[in-house]
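A.B. asks: got a sequence here, can you model it:
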Amino acid sequence: MNVTLRQVQAFLLTAQLGSLTRAAERMHVTQSAISVLIKQLEAVLGVRLFDRTTRSLRLTAAAEEALPTAERIMRNQELLLTSLQGLADRRRGQVSFAVTPAVAAGVMPRVLATFARQYPGIAVTMLDVAPDQLIPKALEEEVEFSIGTVDGSHGEMVLTPLLRDQVGVVIRDDSAIAALDALSWSDVLDHPVIAIRKGSGIRTLIDDTLAAQGKRLVPAYEVSLLATALAMVAEGLGASILPGYLITHLHPLGLTIRPLIAPVITREISVITKARRSLSSAAEGFLDVTRRILA
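C.D. replies: Numbers count the residues shown, from 1 in each chain. Coordinates of the predicted model:
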């Protein structure tokens with residue numbers, strides 16, 4: 001038989017208040033229930049804790065020795081409850097996640113700033129990684145979740161849609177085609193294109209879509225990083241075909257984005273989590289903020 005917190009609490013309150021009756025009132029139980037808890041504790045410990053008279057209770061030597069430990073146990077319980085409550089109501093805690101560079105640049109600055117204002121006690125760790133690292137980071141529990149686009153099904157992972165994004169054409173504000181509300185592939189392929197190198201998710205999607213239409217992208221330049229593509233567009237070297245959610249990232253560069261049609265290309269951005277693993281309250285709060293901003 002093990003010692004329970006209720007037994008320790010009954011012992012401690014009785015010792016502090018010097019009365020079974022007052023201890024029972026504090027614990028909202030009957031006096032007989034307190035007596036039973038103390039007798040159970042004495043049985044487990046194999047010692048008497050109180051010398052009882054008709055008028056008073058007196059702590060035995062064993063009880064005097066055990067009292068500081070009982071106080072420490074109950075104090076630690078209160079600290080644990082306070083700590084867990086802080087995690088539950090998001091006053092403290094931490095959240096870690098992995099995200100593709102495009103989402104990190106186009107969405108996360110605003111999300112991080114909003115979350116920091118709303119939950120200043122929660123520490124956030126963001127890893128901007130290549131798309132092929134999204135699943136391994138979450139699967140190995142290096143992060144709680146990942147955000148990005150992945151292909152196929154993954155039995156150990158759960159994908160929850162976060163955003164369906166339309167691929168667009170990034171051009172300079174003063175470009176001749178900036179006056180158009182939307183651009184067709186024919187419009188774009190007639191101009192120099194700065195493309196992300198083969199092997200990236202978005203380039204594969206573009207090439208596959210064009211191949212189905214009997215068309216082919218022949219870039220003027222190929223780069224590895226979105227930031228490089230945007231800087232080159234800003235210098236007037238061409239247009240670039242990039243995710244639509246980058247729109248909030250473009251204005252300071254003097255760039256704009258136009259929907260790309262005929263055909264439309266969409267990508268689904270998902271929250272990627274490990275199956276049968278619950279997210280922390282901090283992570284749920286972070287995703288709530290992300291959804292509100294994307295909406």
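
A.B. asks: now G254: how far from L180?
C.D. replies: 18 Å (Cβ to Cβ, to the nearest Å). For every residue, glycine as well, the C-beta is placed using N, CA and C.

A.B. asks: which of these two has more residues huddled nearby?
C.D. replies: Ranked by neighbour count (other Cβ atoms under 10 Å), G254 and L180 place L180 first, with 14 against 11.

A.B. asks: contacting residues around the more buried one?
C.D. replies: D187, R258 (Cβ atoms under 8 Å, 6 or more residues apart in numbering).

A.B. asks: for it, give me phi and psi.
C.D. replies: Its backbone dihedrals place L180 at phi -80, psi 140, with angles given as degrees, to the nearest 10.

A.B. asks: try the one 3 residues further on
C.D. replies: Phi and psi for L183, reported as degrees, to the nearest 10, are phi -120, psi 140.

A.B. asks: with just CA atoms, put stretch 255-273 into CSV.
C.D. replies: Output for stretch 255-273, consisting of C-alpha atoms alone and laid out as CSV, is shown next (Å, rounded to 0.1, in the frame of the first residue of the first chain):
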residue,chain,number,x,y,z
LEU,A,255,6.9,44.2,-56.4
THR,A,256,3.4,42.9,-56.9
ILE,A,257,1.9,39.5,-57.6
ARG,A,258,-0.7,38.6,-60.1
PRO,A,259,-2.8,35.4,-60.3
LEU,A,260,-1.6,32.9,-62.9
ILE,A,261,-4.4,31.3,-64.9
ALA,A,262,-5.0,29.0,-67.8
PRO,A,263,-4.3,26.8,-66.0
VAL,A,264,-4.5,27.7,-62.3
ILE,A,265,-1.9,26.0,-60.1
THR,A,266,-2.7,25.6,-56.4
ARG,A,267,-0.8,24.1,-53.5
GLU,A,268,-2.0,23.0,-50.1
ILE,A,269,-0.1,24.2,-47.1
SER,A,270,-0.6,21.8,-44.2
VAL,A,271,0.2,21.4,-40.5
ILE,A,272,2.2,18.1,-40.2
THR,A,273,2.1,16.3,-36.9
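
A.B. asks: what pLDDT, on average, does that stretch get?
C.D. replies: Across stretch 255-273, pLDDT averages out at 86.

A.B. asks: which residues of the stretch 1-150 of the chain fall in strands?
C.D. replies: For the stretch 1-150 of the chain, applying DSSP state E, counting those that start in this stretch gives strands covering 50-52, 57-59, 93-99, 122-128, 145-148.

A.B. asks: how about the ones you listed in CSV, adding mean pLDDT?
C.D. replies: Formatted as CSV, those follow (pLDDT from 0 to 100):
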stretch, mean pLDDT
strand 50-52, 85
strand 57-59, 86
strand 93-99, 89
strand 122-128, 90
strand 145-148, 92
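
A.B. asks: ranking the ones you listed by burial, who's on top?
C.D. replies: Between those, the one whose residues have the most neighbours on average, counting mean count of other Cβ atoms under 10 Å, is strand 145-148 (a mean of 27).

A.B. asks: each with direction, which strands does that strand pair with?
C.D. replies: According to DSSP bridges, the neighbouring strands of strand 145-148, each with its direction, are strand 93-99 (parallel), strand 266-274 (antiparallel).

A.B. asks: between those strands, which gets nearest to S175?
C.D. replies: Of all the strands paired with strand 145-148, strand 266-274 sits nearest to S175, with 23.8 Å by Cβ to Cβ.

A.B. asks: how far off centre is the closest one?
C.D. replies: Strand 266-274 has its C-alpha centroid displaced from the chain centroid by 13 Å (Cα atoms, centre = their mean, to the nearest Å).

A.B. asks: again, but for stretch 32-47
C.D. replies: Per Cα atoms, centre = their mean, the centroid offset for stretch 32-47 relative to its chain is 46 Å.

A.B. asks: just the mean pLDDT for that stretch, thanks.
C.D. replies: Averaged across stretch 32-47, pLDDT comes to 89.

A.B. asks: can you name the residues in contact with it?
C.D. replies: Stretch 32-47 is contacted from outside by 1-4, 6-8, 10-11, 14, 20, 23-24, 27, 48-50, 60, 62-63, 66, using Cβ under 8 Å, 6+ apart.

A.B. asks: what of stretch 230-242?
C.D. replies: Residues lying outside stretch 230-242 but in contact with it, judged by Cβ under 8 Å, 6+ apart, are 102, 167-172, 175, 177, 188, 191-196, 202, 206, 220-221, 223, 226, 229, 246, 249-250, 253-255, 257, 260.

A.B. asks: stretch 5-17 too?
C.D. replies: The set of residues that contact stretch 5-17 without belonging to it, under Cβ under 8 Å, 6+ apart, is 20, 22-23, 26-27, 34, 37-38, 40-41, 44, 49-50, 57, 59, 63, 66-67, 70-71, 73-74, 77.
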